[in-house]
Structures are given as C-alpha cells and as structure tokens.
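Undergrad: Have a look at this fold, sequence not included:
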C-alpha cells in the first residue's frame with residue numbers, strides 16, 4: 001500500500017542526493033559547450049539505471065563479494081565528500097567532460113543524476129521503505145530532473161549565481177547529514 005509519509009521522505013532524500021538544482025552550473029556549462037542536451041534521453045537513462053540498481057543492485061554487489069552495509073559505508077564516504085565539495089566550493093572529484101552528443105548520457109544521466117550516491121541511497125532506502133513508495137519517489141525526482149534539465153537556462157537567469165551557490169550549500173549540508181546517518185547506521189552492521 002502507498003504511504004504518503006514514506007513517499008515524501010524518499011522523495012526528499014533522493015532530491016537532496018540527486019541535487020538537480022545544484023547541478024545547474026554543470027548542466028549549463030555542457031549546454032554552452034555542446035549547444036543542446038537531450039533532456040528526455042538523460043532522464044530516461046537515469047531512471048533506467050536507478051530502477052535497475054534498486055532491483056538488482058544487491059545481487060550485483062554479491063557478485064563482487066560486497067555486502068550492502070559495506071557499499072553503503074563507501075557510498076556514505078562519497079556522499080560526505082560530495083557534500084563537502086558543495087559547501088566548500090572546491091572540486092574533490094574530477095568530472096570528465098565529453099565533446100559529443102553523448103553528454104546527455106555521460107556525465108548528465110550518469111554519474112550526475114544516477115551516480116554512486118544515488119545508488120547507495122536507493123539500497124539504503126530499500127532496507128527502510130516499501131518498494132512502491134521508493135518507485136514513486138524515484139518517479140517524482142525524475143520528473144523534477146526533467147523539468148530542471150529543460151529549464152536550466154531559465155533557472156540560472158532567475159536565481160543568479162548567488163542563488164545557485166546558496167542552493168548548493170544548503171543541499172551540501174543535507175548531504176553531509178545523510179552521509180553521517182548512512183555511515184552511523186551501517187558501521188554497526190558491517
């Protein structure tokens with residue numbers, strides 16, 4: 001049965017992890033370089049990756065001999081570093097840039113939208129929430145991602161650089177909190 005409270009929780013957690021608004025500067029940069037990003041394609045591929053990992057992620061990890069708690073701890077560390085990157089404004093991770101139309105897939109769909117943090121979060125959510133509520137949360141986030149991709153130039157103009165910087169810092173703090181919670185929960189299991 002659908003649970004509105006769970007759907008809201010999942011949606012907000014994924015919203016913070018995916019951070020579509022915080023990715024606007026990267027998205028805008030790619031649009032400037034490439035002229036166009038296929039919003040529909042990027043959203044569909046990211047959704048496919050997320051749903052696939054939601055259902056098969058644990059089996060894939062078992063194939064490599066990694067348990068969910070260890071993956072969640074590794075993901076928590078990545079989320080923590082991403083949060084620090086957002087708050088401090090320094091790049092910790094190198095983001096490879098492509099000069100082709102495949103930028104809709106790499107790096108927009110993966111790893112910006114459906115990256116390691118999103119996948120880790122999906123596994124953690126799966127252990128705490130009903131699957132149908134997670135799927136609704138994923139769908140709501142994909143709709144939001146699509147809208148952000150379609151209107152990134154308009155959003156950039158309305159928010160200005162200062163507004164985008166504030167959003168990145170707020171979502172960075174939320175990511176840090178999620179990372180600490182993931183780490184704390186899974187370190188006891190591992």
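TA: Cool, got the structure. Treat the numbers as computed from the prediction; the structure is a model and nothing was measured.
Undergrad: Tell me where the chain is predicted with low confidence.
TA: Per-residue confidence for the chain (pLDDT under 70) gives these ranges: 29, 32-33, 93-101, 103, 190.
Undergrad: where along the protein do the helices fall?
TA: Counting by DSSP state H, the chain has helices at residues 4-18, 24-34, 39-63, 68-88, 116-128, 131-150, 152-187.
Undergrad: Name all residues that make contact with the residue lying closest to residue 148 once chain neighbours are set aside.
TA: Residue nearest to residue 148 in three dimensions, not counting chain neighbours: residue 20, with 4.2 Å by Cβ to Cβ, 6 or more residues apart in numbering. Bear in mind the C-beta positions are built from the backbone N, C-alpha and C, glycine included. Residues in contact with residue 20 (Cβ atoms under 8 Å, 6 or more residues apart in numbering) are 113, 141, 144-145, 148-149.
Undergrad: now for these, which pair is the farthest apart?
TA: Greatest spatial distance among those (Cβ to Cβ): 141 and 149, at 12.3 Å.
Undergrad: For stretch 137-153, list every residue counted as buried.
TA: Using 16 or more other Cβ atoms under 10 Å as the test for burial, stretch 137-153 gives 137-138, 140-142, 144-146, 148-149, 152.
Undergrad: Repeat that for stretch 34-51.
TA: Those would be 34, 37-39, 41-47, 49-51, for stretch 34-51 by 16+ other Cβ under 10 Å.
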